[in-house]
Each structure stands twice: as C-alpha cells, then as structure tokens.
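J.: compute the structure for the input listed below.
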Amino acid sequence: MKQIRTISFLILAAWVMSSCNKQIQEKQNNPNNPTSVPPDLILGTLLTDMSGTGTAGRLSVTGSNEGANAWDGAHRWNQYHCSNYDYYDNNIYAWTNGSFDSYLVLKNVIQMEKEVTSRGVSNTNPYEAVGRFVRAFYYYNLSSLFGDVPQVQALEAGANSTPAYTPQAQVFAYVLNELDTANTHLATLIAANDNSLSSTQDIYYQGNLTKWQKLVNSFKLRVLVSLSALSTNTTLNVPAQFANIINNPSKYPLFSGPGDDMAFVYNPGGGNTFSVYPFNPTNFGSIAARFNMARTYVSACTTINDPRVFTTCEPAWALVGTDTANPVQYKYFAGASTGESLATMYNNANVGLYSFINRRRYYSNFTGEPDVLVGYKEMCFNIAEGITRGWAAGTAETWYKAGITASMAANGIDITKTNFTTFFLPPGANSVTQVAPYPFTFDFNAYYAQPAVQFSSTAATAINQIVLQKYIASFENSGYESYYNFRRTGVPAFDGGSGVGNNGVVPMRWSYPVTEQSQNAANWKAALSNQGFTADDLNQKMALIK
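T.: Modelled structure (predicted):
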C-alpha cells in the first residue's frame, strides 16, 4: 500500500512539473516575435524589394536591388541624367565595395517557399513558381554586376558563411533553368485553375499566373541576349534556347503589349505598399535644378531627330536665346557629359547651357509613371537582336519597329498623327504650375526613312540600331539594362572623365564586398584567379563581355 502511494505521488509530481514547465515555456514565448509568417506577406516584401523602392518609400534600402529605382543611381550610371550638386549625389561609379544585400532577399524566397509547404501545399505552387523567377532575376543581376558569385553553396541549409563562388556561365545556366522550370510549373498551375497567389500582395499582376508566365519567358529572352558573347557555349546553348521560345508560343507565351509589363506602380495612398514617386511637388523647389540631362541620352535622340527628347527633357534655354516662341527644336537640347566635374556642370546648368528633366512630366504629382522592370518594348528589341544574330527565323525589322512605336506611344507620341504638344517650364518660372504648352510636328515615316533609323540589311549595323533604340526606350526604366548593353556592345558610347571616378574610365564591373576579403578570403581569391582577374577592381572583364 505504501508502494502504491509512493508511485501515485511520483506520477502526480511529474504531471505538476510538466504543467509548470509548459506554463513557463508559454510565458517565455514572445507573442510579438512570431515564429511563422504567412507566405503572402513575404511575397509582398519580396516584390517590393525587386522594384528598388523601400516599403517606406525610401530609395536603395537593404536588399532593394541595388538602387535600380527610377531616377536612382542605376539611371545616372545608365547616363540618362546627371546630378550637378554633390549634396544630393554625384555621377561617380562608386563600385569599389559592392553589396551582397541581394542574398537577404534570396533567403526570404526560401522562407516563403517553406511557409507555403508547411501548410500542406504541394511543392509545385504559385509561390514556388514566382520564387524561381525572383531567384533568376536576382542572380542575373548579381552575376552581371560582379562576375562569378556564390550560388551553389550560397543558400545552403545551415548558413554556410564561406560559400565558394560559382563560375558565371554556370550561374547563368542556373538562371535559365530556373526560368524554364517556372514556365513549366506555371503552365501546370494555370491548367489547374490555381488562383491561390495573393492578389493583394502580388503588386505586379494581382495573382494573374498567365501574366507571370509571360514575364518569365520575356525575361528569359533578356537573359539569352545578354549572353551574346557566349553564344557558342555548348552548355548554355543560347541560339537553340532562343529559337525554342520564338518557335513555340503556346509553350512559351510572351508579352503581347505594354499591358503585360512588369511595372512598379507608385502608391502614395498606402495600401499594401506605400511609395512616392522620387520626383514630386514637395521636392520640386529643392532639387528640380539639381538634376540635368546627360549628353549620352540627349545626343542619342537629337542625332536622329527623335521627338522623345521633347517629352522627357526641356530645352537648354541659353541655346534658345531669343527664339522663345519656338524652342522645340533639336538644336536647343543639350546634355552634360557624365564625366564632367560637378563644379563645371553646376555652373553650366544654372546658366541654361544644359537641358533639365521635363519638369511638368516628372514633378506634377506623387504617382508619376510606373517603373518598368521588364517590359514589352525591351522584349521587341531583344527578339529583333536574336533574329538578326541568326538565332531564330523571323522578320527582325517588324520587331524593331514594334519596339520603337511602343516606346513612342509611351511618350505620348501616336505615330499616326503629326501634331503634338509638349510642356516646358519657361525661363524665370519657379513653379511646376507655371509650365507652358509648346506645339511641335513629327512625321514618323520621315523619321524612319533616315539611314540611321531605317533597319539596315547589314547585321552589325542593324544590331547597333536595335541597341540604340532599346537605350532610348529604356529611359528611366529596366534597371541596369542600358549599362549592361553598353558594356556588351559599346552602344551608345558612354562618356568618361573625372566625373565618373575610376581614373575617368567607365567601369566594367562592381568589385566584391570588402567583407569577403576577411570573411571568405580563400574563396574570394579563388574567384579572382578563376576569372583571370589581376585584381578585384572595376576594370576587369567578366565572361559576359570578354
């Protein structure tokens, strides 16, 4: 009997102890520090990061695609506009300590996928398919900026702090494979009428998987064209992959128009994403004269009599002189060399020798224009280039003209018309409300008949024309694409000089983060050696451009 009482006591004591421990553990759990996050919330953060705009409307925040937001650093380096006032920024290619912050976003992709499958969802699901695109997007840019980057070991379980660097061609093979798998999975999900992707957190397509599939394949064309220097690489097999997309539209649907663009819409009203257009009425008074146009962009337009310069820029009023009744003439538009010293640029801009950004178009409201990350116009030019290179059959000129006309339309120029009106801030005016209308005429047929514009029968010349038109069409959109294309083709010629830093030479790449030298030194050194780099500097040529 005594033994029975002892056993009962022990059982009761164990139960009390277990109950107490459970209560203590419950009290120790912080309800404000959740251990699980709904996958749709991670999705919203990922997609906002891709835009280059922070969730609070800030620019170049951690993990936000390295400042590829409209009017941010990437577009100064694309030589569309310049900063003439050092307090706000400068035009130096300050790439001597690159950022691996993109890996923070890539880790969030993995977490999003885990959150989905932990809820009993199939491994093939919309979040997984979109996640593959996000991975491809980020690795494409990481490798395009640096060269070889950590990929195979970068996101291993257990947080490998010293990952080896993956050769660039292998990184791009991974990117292409991720896109191909995403396309296959999206096709399966679309056929099953899966509508589980959050329509509110999907800030680009509101849960429309058909548009995501078009994006995946249109982006893949960008990746393939970027590999033109590696078109003979048998592992990448660029021409065959390009032809496969062009020849199988049912399997690889593409953008059918600008309505399919992956475009970030600025949303000052809040909602799931709060963002304000970078230039707006509140900062007009402080910065409207601090950013003037770059010569590379302005000259690209004026040398071929392209009216898009009238809608994106304003005339250099010192060049207009007394001809104020008729300032809409190509000779009155001028940009500064990005390589010019800030002191010279500031003085010249303020005496009217340079064109400013079109103040009415870019400072009138807080919404501005959507920032296109991957768009129809670019896709048209990419198809034209691939066909011209002989990668697929087709009429390159048709796609070339489609890209031009779509870009014209985005700038308010209907090519079926000849009479237009633009708006400039006249001399002496100091408010965006004081802009005045200025009429101009434009004949598309005459424009296209120019030898510099009409599609050439010589492949090398035609490719230069395609890339130049893609440059004009990519004004303040498409991230670093214009720089990548300049580096790949030399079109258009970018300006060097003291203003760009790097001893006056436009760099070829970003150097790796300085932390890699101390935290991952062996693999960092191996990466430099494997690429044939003499140093981790900005002038080394990666495989993409050798």
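J.: contacts for whichever helix or strand Tyr471 is part of, please.
T.: Using DSSP states H and E, Tyr471 maps to helix 459-473. Contacts to helix 459-473, defined as CB atoms under 8 Å, 6 or more residues apart in numbering, come from residues 297, 300-301, 304, 306, 308, 377-378, 381-382, 384-385, 388-390, 396, 400, 403-404, 406-407, 410, 452-453, 455-456, 481-482, 485-486, 489, 491-492. C-beta here means a position set from N, CA and C on the backbone, and glycine is covered the same way.
J.: write down the beta-bridge partners of Ala436, one by one.
T.: On the basis of DSSP bridges, Ala436 takes part in beta bridges with Phe424.
J.: residue contacts, it?
T.: Going by CB under 8 Å, 6+ apart, Ala436 touches Phe423, Phe424, Leu425, Pro426, Ala429.
J.: cool, Tyr87 as well?
T.: Contacts for Tyr87 (CB under 8 Å, 6+ apart) come out as Arg290.
J.: so where does it fall, helix or strand?
T.: Tyr87 is part of no helix or strand when elements are defined by DSSP H and E.
J.: so what's it scoring on pLDDT?
T.: Note for Tyr87: predicted pLDDT of 89.
J.: again with Thr117
T.: On the pLDDT scale, Thr117 is placed at 96.
J.: would you mind measuring from it to Asn350?
T.: Remark: distance between Thr117 and Asn350 (CB to CB, to the nearest Å) = 59 Å.
J.: same deal with Ala449?
T.: 39 Å.
J.: and what of Asn141?
T.: Counting by CB to CB, the gap from Asn141 to Asn350 is 36 Å.
J.: so where is the stretch 1-150 of the chain shaky, pLDDT-wise?
T.: Along the stretch 1-150 of the chain, the parts satisfying pLDDT under 70 run over 1-35, 54-67.
J.: any chance you could map the helices in it?
T.: Residue ranges of the helices in the stretch 1-150 of the chain, as given by DSSP state H, counting those that start in this stretch, are 2-28, 39-51, 73-77, 102-117, 126-146.
J.: for the last one, the distance to its chain's centre please.
T.: Looking back up the chat, that one is helix 126-146. In terms of CA atoms, centre = their mean, to the nearest Å, the centre of helix 126-146 is found 12 Å from the chain centre.
J.: mind listing what's buried along it?
T.: By neighbour count on 16 or more other CB atoms under 10 Å, the buried set for helix 126-146 is 126-146.
J.: one step back: what is the mean pLDDT for the helix holding Tyr471?
T.: Confidence for helix 459-473, expressed as mean pLDDT, is 98.
J.: for the residue sitting nearest the centre point of the chain, helix, strand, or coil?
T.: Centrality entry for the chain: nearest residue to the mean C-alpha point is Gly479, 2.9 Å, by CA atoms, centre = their mean. Three-state assignment for Gly479 (DSSP: H, G, I helix; E, B strand; the rest coil): coil.
J.: could you number the chain from 21 rather than 1 from now on?
T.: Happy to do that; since the first residue is 21 now, the last one works out to Gly499.
J.: count of residues packed around the residue lying closest to it once chain neighbours are set aside?
T.: For Gly499, ignoring the flanking residues on the chain, the nearest one in space by CB to CB, 6 or more residues apart in numbering is Ala88 at 3.7 Å. Ala88 has 25 neighbouring residues, counting by other CB atoms under 10 Å.
J.: how many other residues sit next to the closest residue in space to Gln226 that isn't next to it in sequence?
T.: Closest residue to Gln226 apart from its sequence neighbours, by CB to CB, 6+ apart: Ser219 at 4.5 Å. Neighbour count for Ser219, taken as other CB under 10 Å: 12.
J.: can you tell me the helix or strand for Ser219?
T.: If you go by DSSP H and E, Ser219 is not part of any helix or strand.
J.: pretty sure it contacts Lys231?
T.: No - using CB atoms under 8 Å, Ser219 makes no contact with Lys231, being 11.9 Å away.
J.: quick one: common contacting residues for these two?
T.: Residues touching both Ser219 and Lys231 (CB under 8 Å, 6+ apart): none.
J.: can you pull out the helices in the stretch 321-470 of the chain?
T.: Listed in chain order, the helices of the stretch 321-470 of the chain (DSSP H, counting those that start in this stretch) span 328-332, 337-340, 362-370, 379-383, 396-408, 416-430, 464-468.
J.: okay, buried residues for the helix holding Tyr491 please.
T.: Ala482, Ile483, Asn484, Gln485, Ile486, Val487, Leu488, Gln489, Lys490, Tyr491, Ile492, Ala493.
J.: then stretch 370-380?
T.: Result for stretch 370-380 [16+ other CB under 10 Å]: buried residues Gly372, Leu373, Tyr374, Ser375, Phe376, Ile377, Asn378, Arg379, Arg380.
J.: sorry, back to before: now the helices of the stretch 321-470 of the chain in TSV, with mean pLDDT?
T.: As requested, these are exported to TSV (pLDDT from 0 to 100):
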stretch	mean pLDDT
helix 328-332	98
helix 337-340	98
helix 362-370	97
helix 379-383	95
helix 396-408	99
helix 416-430	98
helix 464-468	98
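J.: let me know which of these is tucked in deepest.
T.: Among the helices of the stretch 321-470 of the chain, helix 396-408 has the highest mean neighbour count (mean count of other CB atoms under 10 Å), at a mean of 27.
J.: quick one: the residue nearest to Gly499 and Tyr500 touch, right?
T.: Yes - in terms of CB under 8 Å, Ala88 counts as a neighbour of Tyr500; the distance is 6.2 Å.
J.: what do these two both touch?
T.: Counting by CB under 8 Å, 6+ apart, the residues touching both Ala88 and Tyr500 are Ala94, Asn161.
J.: how many neighbouring residues does the closest residue to Ala149 other than its chain neighbours have?
T.: Closest residue to Ala149 apart from its sequence neighbours, by CB to CB, 6+ apart: His205 at 4.4 Å. Neighbour count for His205, taken as other CB under 10 Å: 21.
J.: could I get the phi/psi values of His205?
T.: Main-chain dihedrals, His205, degrees, to the nearest 10: phi -70, psi -40.
J.: distance of Phe444 relative to Pro459?
T.: For Phe444, the distance to Pro459 equals 12 Å [CB to CB].
J.: quick one, what contacts Thr323?
T.: The neighbours of Thr323, taking CB under 8 Å, 6+ apart as the test, are Ala472.
J.: now do it against Phe353, distance only.
T.: Thr323 sits 11 Å away from Phe353, going by CB to CB.
J.: ok, back up a step: can you put the helices of the stretch 321-470 of the chain in CSV and add distance to Phe553?
T.: Converted to CSV, those look like this (distance: least, CB to CB, whole Å):
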stretch, distance to Phe553
helix 328-332, 38
helix 337-340, 44
helix 362-370, 31
helix 379-383, 40
helix 396-408, 28
helix 416-430, 35
helix 464-468, 44
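J.: which one of the ones you listed lies nearest to Gly552?
T.: In terms of CB to CB, the element of the helices of the stretch 321-470 of the chain nearest to Gly552 is helix 396-408, at 27.4 Å.
J.: about what we covered before: wait, which of the buried residues of helix 479-493 is closest to Glu198?
T.: Lowest distance from Glu198 to the buried residues of helix 479-493 (CB to CB) belongs to Lys490, with 24.3 Å.
J.: so that closest one versus Asn98, what's the distance?
T.: Here Lys490 is placed at a distance of 12 Å from Asn98 (CB to CB).
J.: list residues touching both of the two?
T.: With CB under 8 Å, 6+ apart, Lys490 and Asn98 have common neighbours Glu501, Ser502.
J.: list the contacts for Ser164?
T.: By CB under 8 Å, 6+ apart, the contact list for Ser164 reads Ser246, Tyr500, Tyr504, Leu564.
J.: revised request: answer the last question for Tyr366.
T.: Contacts of Tyr366 by CB under 8 Å, 6+ apart are Asn104, Tyr105.
J.: let's go with 10 Å and repeat that
T.: Ser103, Asn104, Tyr105, Asp106, Ala309, Arg310, Asn312, Ala356, Glu360 (CB atoms under 10 Å, 6 or more residues apart in numbering).
J.: which ones among these map onto strands?
T.: Members of the contacts of Tyr366 lying in strands (criterion: DSSP state E): Ser103, Asn312.
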